[in-house]
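Participant: any chance you can model this:
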Amino acid sequence: MDPVGTLARLRPFLIDPAAAVELEPPGSTESAVLVPFTVVEGRLCLVLTRRRDDLRRHPGEFSFPGGRRDPGEKDLLATALRETHEEIGIEPTDVEIIGALQPTSTIATGFSLHPFVGLVPAGAARIAEPAEVAEITVLDVANLMNSADRALLSRRDVAFRTAVYPLGDRFIWGATARILADLFDRIEHSSADPNSE
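Facilitator: Predicted coordinates:
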């Protein structure tokens, strides 16, 4: 997967960030995440965090850097960039925003979640908020796309089947998996579209 070509083809298939902030998914708490692409040894990768196991909300889950909007914050893109800096130390000026994805919501906790897609420098991520972030993981996009699966999960004594992306003995699921599915669908469409050069 050629990183430069893939991102160039993907850009027209993303939502304009200014239009994305106007979309309102269900959820009472406005929040935003950055979906950070990076290039490692010529491979297109994504940077995710794993939340600490002792957190009250979404413990141990893989997620993109992000969080709730602060009062008075300019917009949700500013939220995504601020949270990325706070969690994994990447300066907002080091992020090249290339678009946005369809907003989604966290079903159990009621967050409306706006994902913004950006390109960050390789190796720039570091744990800047150890009280929240247990680890940073950089995953090859092609491998992650090919790992998509479904699993039967149980939360609060309710069993349900959902999309997952296995990572060893853990997996990506929930809102993060929905964001990935939207992103990967757009990558596949952009790769198949002869007019997206």
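
Participant: what lies in contact with stretch 7-21?
Facilitator: Here stretch 7-21 makes contact (CB atoms under 8 Å, 6 or more residues apart in numbering) with 23, 37, 44, 75-77, 97-103, 114, 116-117, 119, 186-187, 189-191, 193, 196-197. Backbone N, C-alpha and C define where each C-beta goes, glycine included.

Participant: quick check: buried residues in that stretch?
Facilitator: 7, 9-10, 13-15, 17, 20-21 (16 or more other CB atoms under 10 Å).

Participant: any idea of the mean pLDDT in that stretch?
Facilitator: The average pLDDT within stretch 7-21 is 93.

Participant: same check, this time on stretch 93-105
Facilitator: Taken as a whole, stretch 93-105 has a mean pLDDT of 94.

Participant: what do you get for stretch 150-162?
Facilitator: Per-region confidence: stretch 150-162 scores 72 on mean pLDDT.

Participant: quick one: contacts for Cys149?
Facilitator: One correction, residue 149 is Asp, not Cys. Neighbouring residues of Asp149 by CB under 8 Å, 6+ apart: 163-166.

Participant: take the contacts of stretch 7-21 and keep only those in strands.
Facilitator: Judged by DSSP state E, strands contain the following of the contacts of stretch 7-21: 37, 44, 97-100, 114, 116-117, 119.

Participant: out of those residues, the closest to Asp54 would be?
Facilitator: Set against Asp54, the nearest of the ones in strands among the contacts of stretch 7-21 by CB to CB is His114 (26.9 Å).

Participant: so Thr176 makes contact with Gly66?
Facilitator: No: in this structure, Thr176 is not within contact of Gly66 by CB atoms under 8 Å, at 10.0 Å.

Participant: where does pLDDT dip in this protein?
Facilitator: By pLDDT under 70, the low-scoring segments of the chain are 25-27, 53, 57-59, 107-108, 153-156, 159-160, 193-197.

Participant: doesn't Arg82 belong to a helix?
Facilitator: Yes: counting by DSSP: H, G, I helix; E, B strand; the rest coil, Arg82 is located in a helix.

Participant: burial of it, as a residue count?
Facilitator: For Arg82, the neighbour count with other CB atoms under 10 Å is 20.

Participant: what's near enough to touch it?
Facilitator: Contacts of Arg82 (CB under 8 Å, 6+ apart): 70, 73, 92.

Participant: for Thr38, same thing?
Facilitator: 45-47, 119-122, 124-125, 138.

Participant: which strand residues bridge it?
Facilitator: Note on Thr38: beta-bridge partners by DSSP bridges are Cys45.

Participant: can you list contacts of the host helix or strand of Val47?
Facilitator: Following DSSP states H and E, one finds Val47 within strand 43-51. With contact meaning CB under 8 Å, 6+ apart, strand 43-51 is reached by 1-3, 6-7, 35-39, 58-65, 87-88, 120, 125, 132-142, 144, 170, 172, 176.

Participant: just the buried ones from those?
Facilitator: 3, 6-7, 35-38, 58, 61-65, 87-88, 120, 125, 132-134, 136-137, 139-141, 144, 172, 176.
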